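Student: have a look at this prediction, sequence included:
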Amino acid sequence: MTTLNPSLPLSNATLAAPNEAKTELAKITEAAHYLKSRTQAFPQVGIVLGTGLSSLVEEIKVAHTIGYEEIPHFPLSTVESHQGKLIFGELGGKEVVVMQGRFHYYEGYTMQQVVFPVRVMKLLGIEALLVSNAAGGLNAKYHLSDLMLIHDHINLLPDNPLRGQNIEALGVRFPDMSEPYSLDLIQKAKTIAEENHIFLHEGVYASVMGPNLETKAEYRYLRTIGADAVGMSTVPEVVAAAHMGLPVLAISVITDLCSSENLKKITIEEVIQAATQAEPNVTFLFTELIKTL
Ligand code: HPA
């Protein structure tokens with residue numbers, strides 16, 4: 001059998017864990033073993049691409065493309081704008097594994113399903129996770145297609161991927177959340193952006209369940225509690241990463257402006273268009289950041 005990430009005492013934990021956790025851990029391990037045996041890959045970096053942000057894949061020297069439906073226990077994508085593929089290859093001189101299409105809680109998945117791929121990537125050996133998403137801009141200084149480095153979040157989702165029996169092999173029962181977004185990665189991203197004249201905001205991301213967008217009163221509320229942007233993803237993956245001690249860098253692309261006074265109607269097409277405009281900069285930042293790791 002192929003050796004997986006040695007920092008995880010898989011076999012012992014699998015034996016010792018009570019039923020529920022053992023089942024989930026066994027599924028994660030099985031998916032990781034399947035991918036390892038198909039690809040022989042040792043990815044150092046995992047990447048999760050958000051709505052309208054999948055063209056980074058074109059920069060990858062692709063070694064393997066694996067449909068989610070081929071991977072044991074992997075959930076399947078339902079959102080039309082997402083393609084469900086795991087891509088293994090080289091980017092910025094490093095081995096990477098990229099999720100083209102992520103899972104959202106609003107699609108009906110459980111939180112454990114939403115974070116399943118991130119846990120599998122960790123078992124494959126990734127040492128950093130890069131995440132992009134489309135988000136509504138709450139901060140009045142933000143414009144369409146601006147980029148925001150997430151430096152903290154407010155989790156307003158109604159469930160948590162760590163709820164239930166703790167999977168001891170992955171992390172502790174009460175994970176620390178003082179630095180869910182790696183300050184080191186943030187600093188590196190800011191340096192790259194500065195040197196290349198890419199404008200970045202830095203702010204707080206609030207995660208909501210969706211799938212509806214928010215009312216004016218809700219946008220006002222989110223701004224009041226300290227959020228700069230709002231979206232329906234990312235936080236579950238970040239919580240699971242923090243649980244496993246995996247450093248994260250996450251970028252929001254501002255795809256709509258959430259003014260509580262002057263709120264305009266917005267369609268998914270407009271969200272995707274605003275995301276697409278910012279895509280080259282996100283791809284550049286991720287690629288250059290990977291070179292520094
Ligand atoms: N609200 C929630 N999620 C979003 C938004 C928004 O305004 N824009 C993009 N994702």
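Tutor: Looks like it came in fine.
Student: could you pick out the residues of the stretch 151-293 of the chain near the ligand for me?
Tutor: 208, 210, 213-214, 230-232, 255-256, 258, 271 (Cβ under 6 Å from any ligand atom). In this view, the C-beta of every residue, glycine as well, is placed from N, C-alpha and C.
Student: dump the residues you listed into a markdown table; add neighbour count and pLDDT as well.
Tutor: Below are these laid out as a markdown table (neighbours: other Cβ atoms under 10 Å; pLDDT from 0 to 100):
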| residue | neighbour count | pLDDT |
| --- | --- | --- |
| 208 | 24 | 98 |
| 210 | 16 | 95 |
| 213 | 17 | 94 |
| 214 | 19 | 96 |
| 230 | 26 | 98 |
| 231 | 25 | 97 |
| 232 | 23 | 97 |
| 255 | 30 | 95 |
| 256 | 20 | 94 |
| 258 | 26 | 92 |
| 271 | 20 | 86 |
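Student: ok, and what's touching the host helix or strand of residue 218?
Tutor: Assigned by DSSP states H and E, residue 218 belongs to helix 216-224. Here helix 216-224 makes contact (Cβ atoms under 8 Å, 6 or more residues apart in numbering) with 136, 138-139, 206, 208, 214, 230, 258-261, 263.
Student: which parts of that helix are buried?
Tutor: 218-223 (16 or more other Cβ atoms under 10 Å).
Student: so for that helix, mean pLDDT?
Tutor: For helix 216-224, mean pLDDT rounds to 96.
Student: one more: stretch 91-101?
Tutor: In the prediction, stretch 91-101 has an average pLDDT of 95.
Student: give the buried residues for that stretch.
Tutor: 91-92, 94-101.
Student: mind listing what the most centrally placed residue in the chain touches?
Tutor: Central residue of the chain (Cα atoms, centre = their mean): residue 131, 4.0 Å from the mean position. By Cβ under 8 Å, 6+ apart, residue 131 lies in contact with 47-48, 50, 234, 237-238, 248-251.
Student: and what of residue 231?
Tutor: Counted by Cβ under 8 Å, 6+ apart, residue 231 has contacts 133-136, 205-208, 252.
Student: tell me the pLDDT at residue 4?
Tutor: 52.
Student: oh, I was asking about residue 80
Tutor: What the model reports as pLDDT for residue 80 is 53.
Student: distance check, residue 252 against residue 51.
Tutor: In this view, residue 252 and residue 51 are 11 Å apart by Cβ to Cβ, to the nearest Å.
Student: tell me, what's touching the two both at once?
Tutor: 133-134.
Student: what about the residue of the stretch 51-200 of the chain found nearest the ligand, which helix or strand?
Tutor: Among all residues of the stretch 51-200 of the chain, residue 136 sits closest to the ligand, at 2.3 Å; criterion: Cβ to the nearest ligand atom. Taking DSSP H and E as the definition, one finds residue 136 inside strand 128-137.
Student: what angle do that strand and helix 216-224 make?
Tutor: 130 degrees (axes from the mean of the first three to the mean of the last three Cα atoms, to 10 degrees).
Student: what's whichever helix or strand comes after strand 128-137 in contact with?
Tutor: Remark: after strand 128-137, the chain's next helix or strand is strand 147-155, criterion DSSP H and E. Strand 147-155 is contacted from outside by 135, 137, 142, 180-181, 186, 189-190, 198-207, 225-229, 234-235, 238-239, 249-254, 278, 281-282, 285, using Cβ under 8 Å, 6+ apart.
Student: just the buried ones from those residues?
Tutor: Counted by 16+ other Cβ under 10 Å, the contacts of strand 147-155 give 135, 137, 142, 180-181, 186, 189, 198, 200-201, 203-207, 227-229, 234-235, 238-239, 249-254, 278, 281-282, 285 as buried.
Student: quick one: which of the residues you listed sit in helices?
Tutor: 186, 189, 235, 238-239, 278, 281-282, 285 (DSSP state H).
Student: max pairwise distance over the residues you listed: which two?
Tutor: 239 and 281 (26.6 Å; Cβ to Cβ).
Student: buried ones in the helix or strand where residue 274 lies, by neighbour count?
Tutor: Counting by DSSP H and E, the element that carries residue 274 is helix 268-292. Buried residues in helix 268-292, counted by 16+ other Cβ under 10 Å: 271-272, 274-276, 278-279, 281-290.
Student: repeat that for stretch 69-76.
Tutor: 71, 73-75.
Student: check stretch 116-133 too.
Tutor: 116-126, 128-133.
Student: those also near the ligand: which ones?
Tutor: Okay, of these, nothing touches the ligand (Cβ under 6 Å from any ligand atom).
Student: out of the residues of the stretch 151-293 of the chain next to the ligand, which sit inside strands?
Tutor: Secondary structure from DSSP state E places 230-231, 255-256 of these in strands.
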